[in-house]
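Here is a sequence with its predicted model. Questions after.
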Amino acid sequence: TSDLRRLNGILIKRLDRANTNVSVARSENKKLTWHARKSGVYTIECRSLARKLCDFGCAEDSVADSIHACAEAFGVTVIGDISRRTVGRTKKEGGMFGLMQLGREIDQSDGLPSFPLRIMIHANFTSVWRKQ
């Protein structure tokens, strides 16, 4: 009976190892996918990637192709394309948020003399819209 218990223990360990190996093989066999959009809205990562590619000199027309080519090189499947128009909008959006953050940091800093930053931004904003 002791031999049967020992053999039973060995077989249980082999079964556990086999199950682990099968699950590892299945997970490695799965292809990785990256979704450019979630619920119809481009993700923050996709927008950030588009801005960075444009900053590095990639044309707005070829951002989607560049994303697909890089993803293919790493074995990732990309679902969804970003259009040239959306890339332009994300560039503009990123610049606006950067300026807003810079203005807030200047307004909150202690090193500069205090001045009505909100009034200056509003004056510049309205003057830009009046010229057009």
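Perfect, I can see it now. Being a predicted model, the structure only gives us computed values, none of them experimental. Residues are numbered from 1 along each chain as shown.

Tell me, please, where in the chain the pLDDT is lower than the cut-off.
Applying pLDDT under 70 to the chain flags residues 25-31, 110-132.

what about the residue nearest the centre of it, which helix or strand?
For the chain, the residue nearest the mean C-alpha position is E45 (1.6 Å; C-alpha atoms, centre = their mean). E45 is part of helix 44-55 when elements are defined by DSSP states H and E.

The helix or strand following that helix packs against which elements?
Following helix 44-55 in sequence order, the next helix or strand is helix 63-73 (DSSP H and E). Helix 63-73 sits against helix 44-55, strand 76-79, with contacts defined as 3 or more C-beta pairs under 8 Å, 6 or more residues apart in numbering; DSSP states H and E. (Each C-beta comes from the backbone N, C-alpha and C, glycine too.)

Can you tell me which of these is most buried?
Mean neighbour count (mean count of other C-beta atoms under 10 Å) peaks for helix 44-55 among the helices and strands packed on helix 63-73, with a mean of 17.

Alpha carbons of that one, in PDB - could you do that?
Extracted in PDB, the C-alpha atoms of helix 44-55 (Å, rounded to 0.1, in the frame of the first residue of the first chain):
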ATOM      1  CA  ILE A  44      -5.400  58.300 -23.800                       C
ATOM      2  CA  GLU A  45      -2.600  56.000 -24.800                       C
ATOM      3  CA  CYS A  46      -3.500  56.200 -28.500                       C
ATOM      4  CA  ARG A  47      -3.700  60.000 -28.400                       C
ATOM      5  CA  SER A  48      -0.400  60.200 -26.600                       C
ATOM      6  CA  LEU A  49       1.300  57.900 -29.000                       C
ATOM      7  CA  ALA A  50       0.000  59.900 -32.000                       C
ATOM      8  CA  ARG A  51       1.300  63.100 -30.500                       C
ATOM      9  CA  LYS A  52       4.700  61.600 -29.800                       C
ATOM     10  CA  LEU A  53       5.000  60.200 -33.300                       C
ATOM     11  CA  CYS A  54       4.200  63.600 -34.700                       C
ATOM     12  CA  ASP A  55       6.800  65.200 -32.400                       C
END
